[in-house]
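J.: Here is a sequence together with a model predicted from it:
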Amino acid sequence: MIRSAVVPRYRDFVTQPQTLLLAGYTLVYLLTWSLVPLFAHWNVPDDNLEQLAWVLNPDWGYNKHPPFPTWVLWVFERVFSHGVPLTYLLGSLQVAMMLGLAWRLACETLDARRALVAVLLISCMSYYTNRLYFFNHNTALMVAHAGAVYSLWRCVSTGRTVWWVLLGLCWGAGMLSKYQMLLTIACNLGFLLLLARRPAWRAERLELLKGALLASVLCAALLAPHLAWLIRNHFPTFAYASHSMAADLPLLHRPLGVLGFFANQVWRVLPVTVLALLMLRLHAQPPRDTAAWGEPDGMPDRAATVQQLLWLHACGPFVLMTLLALLAGMELQMHWGTAYLWLLAPLALTTRRGRHFTALPLHRIFAGILLVQLLNLAYHAR
């Protein structure tokens, strides 16, 4: 395994000025995109209102979705008042959790400088700006996906049982949020399978298998009460999912649906992509000291393992959704990218252009990101 890898000591750089600046930026970003919709009287998302209605009657399931997000709201209502502002708070809290997990994942798989830049890039994707105040099953799935990817990395980089337990808990929480978590689980298992097939990991196959079985058993245990509820109530969530996905679309409509879905995802990352390309164009010769805090050492196959992890979990869910659309006729919903799009940022920073962009002066990157945020805010607040 990669257990010989040097795990970054966060205390070595959490007090760095750049990290403190990132923390300040992130706090302002979260407060802005959660409070502006409240004070500007934007329309309350239907999903937020739905959660406020469901929380009045806690149960093991509801007619449209599994119960986990509603349970989270119920717990917070033991402290805060029932109402729309609480759902906005929880929406921003979920994005904050995803950003924290993304930062730690990038710190350990890439380096601290690219982790900082990755968080800045993610914060400009529209799922996490003008939709930050949404609180629904897609945002809960986003956190479960991020938690599963990070736990999986820790499973293979440390081999500790606690991380397999946390992986199983993430699987269970994700499935209790939205059945789309199956895509994440498929990518997690696919990564372990590909890892086990590599010669360097041959001796670890049994340990990987035992860990995956432990995670699966924990996930099944968490799902058992919900499954019993489904049986008692004749699977209402399955009926809703089948209706909303509009399975068995005509053959000619399927490619068009896929193109429309991906066009929507491209639109959500377009502002920050344009910014990055423009800055690269204007700064053709970046400084050569590209790794401000360095990259952790590890085994010879560490870089390949990291690439495989990021590629599979950033692109895998979209590939699976495309196959479901083309082969089964599923109509892809535009918001289904919420849980997965953020991983494109750390993945992009593994490329040559990504390293080039990371090498730019941090104050210029911060200034460009701030400009995108201000333009985005002005557009949506008009």
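T.: Done, it's in.
J.: all helices in the stretch 201-350 of the chain, in order from the N-terminus.
T.: 205-232, 236-245, 253-282, 302-328, 344-348 (DSSP state H, counting those that start in this stretch).
J.: no no, the stretch 1-150 of the chain
T.: Applying DSSP H, counting those that start in this stretch to the stretch 1-150 of the chain gives helices spanning 17-39, 46-54, 68-76, 84-109, 112-122, 137-158.
J.: Need the mean per-residue confidence for the third one.
T.: So that's helix 68-76. Mean per-residue pLDDT for helix 68-76: 97.
J.: So which elements touch that helix?
T.: helix 46-54, helix 84-109, helix 137-158 (3 or more Cβ pairs under 8 Å, 6 or more residues apart in numbering; DSSP states H and E). For the C-beta atoms, the positions are set from N, CA and C on the backbone; glycine is no exception.
J.: Return the angle between stretch directions for the longest one and helix 302-328.
T.: Our comparison of helix 84-109 with helix 302-328, counting by axes from the mean of the first three to the mean of the last three Cα atoms, to 10 degrees, yields an angle of 130 degrees.
J.: Please identify the buried residues of helix 84-109?
T.: For helix 84-109, the neighbour count (16 or more other Cβ atoms under 10 Å) marks 84, 86-96, 98-99, 101-109 as buried.
J.: Kindly reformat the helices of the stretch 201-350 of the chain as TSV and extend each row with mean pLDDT.
T.: Shown next, in TSV, are those (pLDDT from 0 to 100):
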stretch	mean pLDDT
helix 205-232	96
helix 236-245	74
helix 253-282	93
helix 302-328	94
helix 344-348	97
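J.: Any chance of a markdown table for the ones you listed, columns mean neighbour count and distance to Leu27?
T.: Putting these into a markdown table (neighbours: other Cβ atoms under 10 Å; distance: least, Cβ to Cβ, whole Å) gives the following:
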| stretch | mean neighbour count | distance to Leu27 |
| --- | --- | --- |
| helix 205-232 | 16 | 33 |
| helix 236-245 | 14 | 36 |
| helix 253-282 | 15 | 20 |
| helix 302-328 | 18 | 26 |
| helix 344-348 | 24 | 19 |
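J.: Now those helices in CSV, please, with extra columns for distance to Ile122.
T.: Formatted as CSV, these follow (distance: least, Cβ to Cβ, whole Å):
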stretch, distance to Ile122
helix 205-232, 26
helix 236-245, 27
helix 253-282, 9
helix 302-328, 12
helix 344-348, 5
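J.: Thr338 is nearest to which of those?
T.: Checking the helices of the stretch 201-350 of the chain against Thr338 by Cβ to Cβ gives helix 253-282 as the closest, at 9.3 Å.
J.: in the chain, what spans have low per-residue confidence?
T.: Low-confidence segments of the chain, defined by pLDDT under 70: 1-16, 243-247, 284-300, 382.
J.: how does it look with 50?
T.: 4-7, 289-300 (pLDDT under 50).
J.: For Phe262, which non-adjacent residue is closest in space?
T.: Phe318 (7.7 Å; Cβ to Cβ, 6 or more residues apart in numbering).
J.: can I assume the one you found is in contact with Gly337?
T.: Yes: using Cβ atoms under 8 Å, Phe318 is in contact with Gly337, at 7.3 Å.
J.: can you list residues touching both of these two?
T.: Here Phe318 and Gly337 have Gln265 as joint contacts, going by Cβ atoms under 8 Å, 6 or more residues apart in numbering.
J.: Reformat the helices and strands packed on helix 68-76 into a markdown table and put distance to Pro255 next to each item.
T.: Listed next are the helices and strands packed on helix 68-76 as a markdown table, based on distance: least, Cβ to Cβ, whole Å:
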| stretch | distance to Pro255 |
| --- | --- |
| helix 46-54 | 29 |
| helix 84-109 | 31 |
| helix 137-158 | 24 |
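J.: closest to Ile185 out of those helices?
T.: Ile185 sits nearest to helix 137-158 of all those, at 7.6 Å, using Cβ to Cβ.
J.: Quick check: next helix or strand after the closest one?
T.: helix 161-175 (DSSP states H and E).
J.: Could you list every helix and strand in contact with that next one?
T.: helix 137-158, helix 181-196, helix 205-232.
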